[in-house]
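Peer 1: structure here, sequence nowhere to be found:
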């Protein structure tokens, strides 16, 4: 009887919305959809900043504000160790946490990255102030998890010896319940910790996820062996941008990717127009204007060849073979490039060099790229460093 009353009290406190069946079902369907959609968009490399903000906001609003911090996997872990002496209840909770860990094993840390409401608000916060510094002396350091596992032990010990009610304030996800039970002391303390986590997240990326979350400690182990990872392709030219941009140092080729939250920074910067040098754009346009004004004074074939090579060099630090294929497809009208400045040059080339485009010698230029590619693996020029803004305050030039 005492256990039943205790369970009823816990359910009322931490799941005050459980009686609103339609609300709970709707919210869970939405959260599952967010995770699936994020995975699909990442897989197809279609996730952009706007979609990312939308997905994260949905998780924060539905999982955090409406449901009061659901799914709360940290609470489940605390419950497991608090009632470890009750095998019947313990097994049910262990099954629940195994489901989340199983999803992490299959899909990587999609749950931590996009479904967890606390993870979502930390990611949104990081996007506001994130300005990467491309320090080319940055090297990969194997992560030491003493702090994380130390706090995991604290969660376990406090749950076992102090009981669930006493230790629940340690879980900042419970801070979402402040709207449901604003006068509960445990919830109030959890809310203050929640605010502290959010404040620190302006300056340190996902501070709770990376160092304090007990589920994050377990998920990091499974994330290392998950088949769904962001990997380099054959088109990578080792420009090093992903290594310098990743806030968790998982951009390095030989990292285990256990701390990858699919923030998409590496992909976003690998395919971003911000690296296109405006000075080179102006130079190419001047060449086209010069030819248009005095076409008889120069060899049309040589002039066309010069411009094509200048455009290829413009695509640094993209992989040049891959970019060249997209560029030639755009020349032939099969597609338009996302970079408006380059697409404008293509439109001018179509007008001035229609015959040369039809006779474009693809093997010749691919061979030229292969011969010169090593020289192009250069650092980003200082003029472009100020463009390295990301997220909600990102600027493009």
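Peer 2: All right, it came through fine. The model shown is predicted, which means the values in this text are computed figures rather than measured ones. Residues are numbered from 1 along each chain as shown.
Peer 1: model confidence at residue 2, what's the number?
Peer 2: Looking at residue 2, its pLDDT reads 39.
Peer 1: next: residue 11.
Peer 2: Residue 11 carries a pLDDT value of 52.
Peer 1: what about the helices in the stretch 51-200 of the chain?
Peer 2: With DSSP state H, counting those that start in this stretch, the ranges of helices along the stretch 51-200 of the chain come out as 73-82, 87-107, 110, 117-129, 146-161, 164-167, 185-201.
Peer 1: centroid-nearest residue for the protein?
Peer 2: Central residue of the chain (C-alpha atoms, centre = their mean): residue 263, 0.8 Å from the mean position.
Peer 1: distance check, that one against residue 290.
Peer 2: Per C-beta to C-beta, to the nearest Å, residue 263 is found 44 Å from residue 290. No exception for glycine: its C-beta is placed from N, CA and C like everyone else's.
Peer 1: not counting sequence-adjacent ones, nearest residue to residue 310?
Peer 2: residue 284 (5.2 Å; C-beta to C-beta, 6 or more residues apart in numbering).
Peer 1: who's in contact with whatever helix or strand that neighbour lives in?
Peer 2: Using DSSP states H and E, residue 284 maps to helix 278-293. Helix 278-293 is contacted from outside by 298, 300, 303, 306-307, 310-311, 313-314, 341-342, 345, 348-349, 352, 383, 397, using C-beta atoms under 8 Å, 6 or more residues apart in numbering.
Peer 1: now do the helix or strand just after it against helix 278-293, angle only.
Peer 2: The C-terminal neighbour of helix 278-293 among helices and strands, as given by DSSP H and E, is helix 300-314. Using axes from the mean of the first three to the mean of the last three C-alpha atoms, to 10 degrees, the direction of helix 300-314 lies 170 degrees away from that of helix 278-293.
Peer 1: which helix or strand lies directly C-terminal to helix 300-314?
Peer 2: Following helix 300-314 in sequence order, the next helix or strand is helix 320-331 (DSSP H and E).
Peer 1: tell me which other helices or strands that following helix touches.
Peer 2: helix 300-314, helix 340-352, helix 362-376 (3 or more C-beta pairs under 8 Å, 6 or more residues apart in numbering; DSSP states H and E).
Peer 1: nearest to residue 214, of these?
Peer 2: helix 362-376 (45.8 Å; C-beta to C-beta).
Peer 1: for that closest one, packing partners?
Peer 2: Helices and strands touching helix 362-376, by 3+ C-beta pairs under 8 Å, 6+ apart, are helix 300-314, helix 320-331.
Peer 1: buried residues, the lengthiest helix in the chain. List them.
Peer 2: Taking DSSP state H as the criterion, the chain has its longest helix at helix 21-43. Within helix 21-43, the residues scored as buried using 16 or more other C-beta atoms under 10 Å are 24, 27, 30, 31, 34, 35, 37, 38, 39, 41, 42.
Peer 1: the fourth one and residue 63 touch, don't they?
Peer 2: What it means is residue 31. Yes - at 5.4 Å, residue 31 and residue 63 qualify as touching, with contact defined as C-beta atoms under 8 Å.
Peer 1: what touches both of the two?
Peer 2: In contact with both residue 31 and residue 63: 71, 115, using C-beta under 8 Å, 6+ apart.
Peer 1: okay, now the unreliable bits of the stretch 51-200 of the chain?
Peer 2: Residue ranges of the stretch 51-200 of the chain with pLDDT under 70: 130-140.
Peer 1: ok so, going back, among the helices and strands packed on helix 320-331, which is nearest residue 164?
Peer 2: The nearest among the helices and strands packed on helix 320-331, by C-beta to C-beta, is helix 340-352 at 56.8 Å.
Peer 1: same for the closest one, what does it pack against?
Peer 2: On a contact count with 3+ C-beta pairs under 8 Å, 6+ apart, helix 340-352 meets helix 278-293, helix 300-314, helix 320-331.
Peer 1: quick one, the shortest one and helix 300-314 angle?
Peer 2: So that's helix 320-331. Going by the same axes, to 10 degrees, helix 320-331 makes 130 degrees with helix 300-314.
Peer 1: just the mean pLDDT for helix 320-331, thanks.
Peer 2: Mean predicted confidence for helix 320-331 is 76.
Peer 1: again with stretch 203-210
Peer 2: 93.
Peer 1: show residues contacting that stretch.
Peer 2: Around stretch 203-210, the neighbours that count as contacts under C-beta under 8 Å, 6+ apart are 112, 118-119, 122-123, 126, 129-130, 148, 172, 197, 200-201, 216, 247-248, 259, 261.
Peer 1: contacting residues around residue 309?
Peer 2: The contact partners of residue 309, taken as C-beta under 8 Å, 6+ apart, are 365, 368.
Peer 1: circling back: any idea of the angle the helix holding residue 284 forms with helix 340-352?
Peer 2: 10 degrees.
Peer 1: so which bits of helix 278-293 are buried?
Peer 2: Applying 16+ other C-beta under 10 Å to helix 278-293 flags 280, 281, 284, 287, 288, 291 as buried.
Peer 1: kindly reformat those as CSV containing pLDDT and distance to residue 243.
Peer 2: Compiled in CSV, the buried residues of helix 278-293 are given as follows (pLDDT from 0 to 100; distance: C-beta to C-beta, whole Å):
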residue, pLDDT, distance to residue 243
280, 77, 24
281, 81, 27
284, 84, 30
287, 82, 34
288, 83, 36
291, 76, 40
